[in-house]
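model the structure of this input:
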Amino acid sequence: MKSCKVMRQMPGQPGRAGRRHGEAGPDTASDETGSTLHEHPDTGSANSKEGTGGLLEKALTRENLQTAWKRVKANKGAAGVDGLDIEQTAQAIRTNWPQIRQELLAGRYRPSPVRKVMIPKPDGSQRELGIPTVLDRLIQQALLQVLQPLIDPTFSKHSHGFRPGRRAHDAVKAARTYVQSGKRVVVDVDLEKFFDRVNHDILIDRLRKGTNDAGVIRLIRAYLNAGIMDGGVMKEREKGTPQGGPLSPLLANVLLDEVDKVLEARGYSFARYADDCNVYVGSAKAGERVMALLRKLYAGLKLQINEAKSAVASAFGRKFLGYELWVAKGREVKCAVAHKARDNFKARIRQLTRRSGGRSMREVVDKLRPYLLGWKAYFGLAQTPRVWRELDEWLRHRLRAIQLKHWKQPKTIYRELKALGASHDVAKQVAGNCHRWWRNSAKLLNSVLTIAYFDRMGVPRLS
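Modelled structure (predicted):
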C-alpha cells in the first residue's frame with residue numbers, strides 16, 4: 001500500500017504536501033492567526049516556569065500555539081468525533097484551555113478517538129483515514145513544531161517525504177540521477193498496510209533517541225493508543241498510527257530512518273518518500289541482495305513487504321511517485337508521467353466534468369482549474385511534450401461535448417455557434433448532429449470552440 005499517496009499524488013496538492021499535512025515551517029506567529037489562543041491569559045509564554053520546563057512546555061507557549069492554530073485553520077478539514085468544526089472548537093478553547101493545558105502538563109490529558117473515514121482511490125479501492133478532533137490537531141501541530149526542528153536534521157539525506165525544504169520532485173530527480181549514472185536496476189519496495197502495522201513500542205523506542213522529554217513521549221504514546229471510532233463504535237488500537245493527524249508523517253520518518261541509515265552506511269543509492277523506497281543498483285543479482293537485506297530490516301521493525309507489488313526490475317519499467325523514466329536520444333534519462341497516473345488523471349477529469357451534473361460551463365471550469373494547476377505543477381518534471389498535447393486535446397474534446405449538451409437544442413446550438421463566429425454551414429452541420437455529443441465535439445467544432453476560447457474561459461493548458 002502506498003500509504004501517503006493521498007497527499008502526494010493528489011495532484012491538486014503536489015509540492016505542498018508537507019505543509020498540508022503538518023510540516024512545521026520556519027515562519028513565526030502573528031496576531032492574525034486568529035486571536036483564539038492569543039487572547040487567553042493562561043495560554044502560557046516562553047518564560048513560563050510551570051510544568052516540566054522541557055519540550056512539552058515549549059510546545060504549549062503562546063507563540064507556538066498561535067502558529068499551530070494558524071496552520072490548522074489553513075488546512076481546514078472536517079470535524080472529529082466531537083462534531084466540532086474549527087470555529088466551534090475555537091469557542092470551546094476560549095473557555096476550557098486553562099484546564100486542557102494543565103492536564104497536558106500533568107500527563108492527564110486523554111486524546112479523543114479518531115474518526116474513521118474511507119477515501120476513494122482512483123482505482124476504485126478505498127484508503128482509511130483517521131480524523132482527529134480539531135483540538136487534537138492543534139496539539140499535534142504544536143508538538144510537531146518543536147519536534148521537527150530537533151529530529152529532522154538527524155534524518156538521512158535520502159529521505160524526502162514530509163520534510164521542510166524537501167518534496168517529491170527531489171526524490172524523482174535523485175532517482176533519475178542514479179539511473180543516468182548506470183544503475184538501471186531498481187529494488188522497488190512496497191510496504192503492506194504500513195500505517196496499520198506500525199508497532200507502538202518500537203516507534204516510541206526510536207523516538208526516545210531524538211528526544212527524552214517524558215511529557216512529550218507520554219503524550220505521543222497517548223495519541224498512538226487513542227482508539228478509532230467506526231460507525232459509532234469505538235475500537236481499541238494496539239498498533240498502527242492512522243493517517244490524518246499532523247504527527248503521522250514525522251512518526252513514519254522516525255521509524256523508517258533506521259532502514260535509511262543502514263542503506264546509507266553501505267553506500268547504496270536510494271530515494272525514499274514516506275513509505276515508498278527505491279534502491280538503484282547495477283545488476284539484478286545486486287538487487288536481490290538488497291531485497292533480502294530490506295526484508296530483514298523491515299522484519300526487525302515488524303513491518304511486512306508486499307511481495308506482489310515489490311520487485312527487482314528494470315528502472316524503466318517501474319513507476320515512482322507517479323513518474324516513470326525513459327531514455328531519450330543521446331542516452332539521456334528523462335522523466336514521464338506514469339501510465340497509471342495518466343489514467344487516474346482522466347478518471348478524475350471525468351468526475352469533475354460529468355455531463356449530467358447540471359452545472360454551467362463556468363462552474364465546470366472553476367471546479368476543474370485548481371486540479372489542473374496542481375496536477376501540472378506536480379508533474380512539471382515530465383519531459384514528454386507529446387503526452388501533454390494529447391491530454392490537452394482530450395480535455396478540450398470533453399469540454400466541447402459538455403458545451404454542446406448544455407446548449408442541447410439544435411436552434412440553441414446554431415444560435416450560439418453563429419454568435420461565436422461560425423459560418424452558416426458549420427453551425428448548421430453541428431446543430432444537425434446535436435445528440436452525438438462526443439463525435440460531434442471534434443473536427444468542425446474545433447474551428448469555433450478553439451484553444452483561445454478555452455483560454456478566455458480560464459482553462460489552464462497542460463502543454
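
okay, CA-based contacts and neighbour counts for the rest of this
OK.

poorly predicted segments of the protein, please.
1-53, 122-123, 355-358, 434-442 (pLDDT under 70).

pull out the buried positions in the longest helix along it.
Ranked by residue count under DSSP state H, the longest helix found in the chain is helix 385-407. Within helix 385-407, the residues scored as buried using 16 or more other C-alpha atoms under 10 Å are 387-388, 391-393, 395-407.

helices and strands around that helix, which ones?
When contacts are defined as 3 or more C-alpha pairs under 8 Å, 6 or more residues apart in numbering; DSSP states H and E, helix 385-407 packs onto helix 361-378, helix 410-419, helix 437-440.

wait, which of the ones you listed is closest to G240?
helix 361-378 (29.1 Å; C-alpha to C-alpha).

coming back round to it: tell me which of the helices and strands packed on helix 385-407 lies nearest to E264.
helix 361-378 (27.5 Å).

the closest one vs helix 385-407, what angle?
170 degrees (axes from the mean of the first three to the mean of the last three C-alpha atoms, to 10 degrees).

now for helix 361-378, which elements pack on it?
helix 339-352, helix 385-407.

could I have the CA atoms of that helix written out in CSV?
Extracted in CSV, the C-alpha atoms of helix 361-378 (Å, rounded to 0.1, in the frame of the first residue of the first chain):
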residue,chain,number,x,y,z
MET,A,361,-19.6,25.7,-18.2
ARG,A,362,-18.2,28.4,-15.9
GLU,A,363,-18.9,26.2,-12.9
VAL,A,364,-17.3,23.2,-14.6
VAL,A,365,-14.1,25.3,-15.3
ASP,A,366,-14.0,26.7,-11.8
LYS,A,367,-14.1,23.2,-10.4
LEU,A,368,-11.5,22.0,-12.9
ARG,A,369,-9.0,24.7,-12.7
PRO,A,370,-7.4,24.0,-9.2
TYR,A,371,-7.0,20.3,-10.1
LEU,A,372,-5.4,21.1,-13.4
LEU,A,373,-3.0,23.6,-12.0
GLY,A,374,-2.0,21.3,-9.2
TRP,A,375,-1.5,18.3,-11.5
LYS,A,376,0.5,20.3,-13.9
ALA,A,377,2.7,21.6,-11.1
TYR,A,378,3.3,18.2,-9.6
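
list the buried residues for it?
361, 364-365, 368-378.

so K235 sits against K116, correct?
No: judged on C-alpha atoms under 8 Å, K235 makes no contact with K116 at a distance of 10.3 Å.

need the overlap of contacts for the two.
Here K235 and K116 share the contacting residues I228, M229, scored by C-alpha atoms under 8 Å, 6 or more residues apart in numbering.

neighbour count winner among these two?
Higher neighbour count among K235 and K116: K116, with 22 against 13, using other C-alpha atoms under 10 Å.

I'd like the helices and strands packed on helix 361-378 laid out as a markdown table, including distance to G182.
Listed next are these as a markdown table, based on distance: least, C-alpha to C-alpha, whole Å:
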| stretch | distance to G182 |
| --- | --- |
| helix 339-352 | 24 |
| helix 385-407 | 25 |
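
of all those, which one comes closest to L325?
Of these, nearest to L325 by C-alpha to C-alpha is helix 339-352, at 11.3 Å.

return the set of buried residues in that closest one.
A341, N344, F345, K346, I349.

relative orientation of it and helix 385-407 in degrees?
Using the same axes, to 10 degrees: helix 339-352 against helix 385-407 is 20 degrees.

summarise which helices and strands helix 339-352 is packed against.
Using 3+ C-alpha pairs under 8 Å, 6+ apart, helix 339-352 sits against helix 361-378.

how far does the helix it packs on sit from its chain's centre?
Centre-to-centre, helix 361-378 and its host chain are 17 Å apart (C-alpha atoms, centre = their mean, to the nearest Å).

got it, and stretch 74-81?
For stretch 74-81 - counting by C-alpha atoms, centre = their mean - the centre lies 16 Å from the chain centre.

how about that stretch as CSV, C-alpha atoms only?
The C-alpha trace of stretch 74-81 is given here as CSV (Å, rounded to 0.1, in the frame of the first residue of the first chain):
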residue,chain,number,x,y,z
ALA,A,74,-5.4,27.0,6.9
ASN,A,75,-5.7,23.2,6.4
LYS,A,76,-9.4,23.4,7.2
GLY,A,77,-10.5,19.8,7.4
ALA,A,78,-13.6,18.0,8.8
ALA,A,79,-14.7,17.7,12.5
GLY,A,80,-13.6,14.8,14.6
VAL,A,81,-15.7,12.6,16.8
